[in-house]
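1. with the input below, show me the fold.
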Amino acid sequence: MAKWLVCREPVGASLPPSDLHATFLPDHAAPSDGRLLFYGGDRPEAAAAELGLPPGDLVEAELYLDGELRLVEGVALPVRPVVANLTRIASRPDITESVAVWARIANAVDDDKFDDLDRITAELPAEGHSAVHSEDHVWTKQAAVGAFVESFTELLRSDSGLNLRLITAQHTDPGDVRVNADLRRYQSHGIAWLEAAAEGGAGVILADDMGLGKTLQSIGLLVRRTGARPQPSLDPQPEPDGVSLRQFAPHLVVCPTSLVGNWQREVGRFAPQLRVHLHHGPQRAKHAGPLMEADIVVTSYSIALRDIKLLRSISFDTVVIDEAQAIKNHRSRTAGAVRDLTGRVRVALTGTPVENHLAELWSISEFVNPGLLGTQADFKRRFADPIEIGRDPVAAALLRARIDPVVLRRLKEEVAADLPPKIEGTVVCTMTDEQAGLYKEAISEAFDEGLGDGITRRGRVLKLLTKLKQICNHPAQAVGVGDGGLAERSGKLDRVTEMLGEVVDEGAKALVFTQYRQMGELLSKHLAAETGTAAPFLHGGLDQHARDNLVDDFQTIEGPAILLISLRAGGTGLNLTGASHVVHYDRWWNPAVEDQATDRAHRIGQTQTVHVHKLVTAGTLEERVDELLNRKRAIADAVVGNGEDWLGELDDTQLRKLIELDEDGGHL
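-> Numbers count the residues shown, from 1 in each chain. Below is the predicted model:
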């Protein structure tokens, strides 16, 4: 029997693993509760950390060793979180035979080479299967390995005990959560589900609709897993029973650069008892010490990629990745770096688990639960192609059954009916003569020169599209400001100036999104002059301190009425409920990305109706693409793909039909 204790892991300790052994502790009633136990030496938890294994639970367990029943201390881990880390150490020369064989077993399971298990199992020494089965008997090699495999594969069986507990936890009260917030019922249930998954060794994807408080629910989990820290004493006493009061393993949050400060603020707001360390900026730590002293380490995807060697040297308790669509491309270096992080618990947060293709879901799932959806090729054959191409309901049902326990998604209309409405509308703007002339000239020049084929064609088509979109925005973005200033040269600029003037006059606030930094800078100056109020611009060129100040200032009553935002820099994660109007000055042509931006305002905490205005220029490609997306919204991801890339596949006739100016569309 094992006595489960609080984990107080000395992460990254440099102690030799040469005395560390491994055995499996099966659980008769619930296979997923079986644990891999590392024991032996003075500090087995430190030796396990030196091997790069995730933090575990300090336990006391009865084992049969050398024919005697002994009570040993060790560190126990659920199977799933430890498999990937075990596979990396199988060939290390400084590990005991029991650890080496269990590492080879993990390799076989990870690679689906179950036929190799009988051969590897035969190599398991007595120390590797020493858990008590019954009086005077231990679990046999075959039975211990079988229980290990059964524990690993529980997530693959929809009716398994672990999956049933996860489904049940989605509607369970977690008890007291020490956060400074009045949790909504669905948020409490989300925390209970996250905690059940963490205890069961399952990684999860929290995919609630944007604005429902995924950050708060994650903080609730981190609070619960941090526990009560020992307080320093002026008169230190000897440590009881030889158990040192070491600090808990820190948690790690990886998020887009624009959200690093937001995470620091939200932890300070909801859980001020937790210590946050920002691992960001040129002055960031070069060694693990400062990170080890924190409860939560917050860093960005770009820094995680650069500092992966440092971050990999730390065994984190919980690893949370926010806006997890950042790793949707499983081949990217960022996705590879994130998968290499060591954590006992893995949580992915995203409001859009599938922006374009099901392959993105596979990539995120591979981070939280490696192997759950098979290899990328298997997933494509079994799920992605039948669902996306064949619209196969059977394949869709099988995929849903597989992911339902570990993917939780609630929509606003289901759980936040009291959220004020969101009213969306398209604002059609007319062109000026200058815009119309430039627009037709750009098309004529492109087709006269020829678009070519292959990669060359794709590049030229996208260059043309960018030019046309810039002309629709304002001629100054395409050809320069000139002597005429900005007013009365763009129907879109004139219309947005009128609209925002009304917003300012009524005492309301607005967010204005553009994908172009140059256009944002032009708008900032123009709108400030025309409306008589500041219109600051939040973009990727600002440092974290400047971004945080802009957000905080906008949220105050006295702050500016207009905030311009680069869609890439501020389209995700930020809480900007001070705005009751959202303007998309130019279009990203990806509904999921635009919805993310809109929900900076339409989220929990909003008390006003949110008006969403999507600007398009009449008679141009903007209007036609908008119509296409509206007609095919339900399958826009499959039809449109990522941004404008799909337009590069059109032939000349199709492209002309889409982009040529409709003279009947009208212009000023």
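2. from now on I want contacts and neighbour counts done on CA atoms only, so please keep to that.
-> Will do.
3. can you name the residues that contact R275?
-> R275 is in contact with 294-296, counting by Cα atoms under 8 Å, 6 or more residues apart in numbering.
4. which one (most neighbours) among the residues you listed?
-> I296 (29 neighbours; other Cα atoms under 10 Å).
5. for V254, see how far away it is.
-> Going from I296 to V254 by Cα to Cα, to the nearest Å gives 11 Å.
6. please apply the same query to Q477.
-> Taking Cα to Cα, one finds Q477 at 35 Å from V254.
7. more neighbours, these two?
-> Neighbours were counted for Q477 and for V254 using other Cα under 10 Å; V254 has more, 25 against 17.
8. what's the host helix or strand of the more buried one packed up against?
-> Taking DSSP states H and E as the definition, V254 sits inside strand 251-255. The contact analysis (3 or more Cα pairs under 8 Å, 6 or more residues apart in numbering; DSSP states H and E) places strand 251-255 against strand 296-300, helix 301-306, strand 316-321.
9. for E154, what are its contacts?
-> Contacts of E154 by Cα under 8 Å, 6+ apart are 31-32, 160-163.
10. can you pick the most crowded of those residues?
-> Busiest of these [other Cα under 10 Å] is S32, holding 29 neighbours.
11. pretty sure that one sits against N163.
-> No - contact criterion Cα atoms under 8 Å: S32 and N163 do not qualify, at 9.6 Å.
12. so where's the stretch 551-668 of the chain shaky on pLDDT?
-> Along the stretch 551-668 of the chain, segments meeting pLDDT under 70 span 571, 630-649, 663-668.
13. in stretch 269-284, what counts as buried?
-> 270-271, 274, 276-280 (16 or more other Cα atoms under 10 Å).
14. out of the residues you listed, flag the one nearest to L349.
-> Within the buried residues of stretch 269-284, proximity to L349 (Cα to Cα) peaks at F270, which comes in at 17.8 Å.
15. so how far is I565 from that closest one?
-> 26 Å.
16. swap in E502?
-> Distance of E502 to I565, computed by Cα to Cα: 20 Å.
17. got it, and I205?
-> 28 Å.
18. tell me which of the helices and strands packed on strand 251-255 sits nearest to G52.
-> Ranking the helices and strands packed on strand 251-255 by their distance to G52 (criterion: Cα to Cα) puts strand 316-321 first, at 10.0 Å.
19. give the pairing partners of that closest one; include direction for each.
-> Partners of strand 316-321 in the sheet, by DSSP bridges, are strand 251-255 (parallel), strand 343-349 (parallel).
20. more neighbours: I205 and I565, which one.
-> Taking other Cα under 10 Å, I205 and I565 do not tie; I205 has more neighbours (29 against 24).
21. which stretches of the stretch 351-500 of the chain form helices?
-> All helices of the stretch 351-500 of the chain, identified by DSSP state H, counting those that start in this stretch, fall at 358-368, 376-379, 385-388, 393-403, 412-415, 433-449, 454-473, 475-479, 491-505.
22. same thing with the stretch 201-350 of the chain?
-> Residue ranges of the helices in the stretch 201-350 of the chain, as given by DSSP H, counting those that start in this stretch, are 214-226, 260-270, 289-292, 301-306, 308-312, 333-339.
23. pick out the shakiest of the ones you listed, pLDDT-wise.
-> Among those, helix 260-270 carries the lowest mean pLDDT, a mean of 88.
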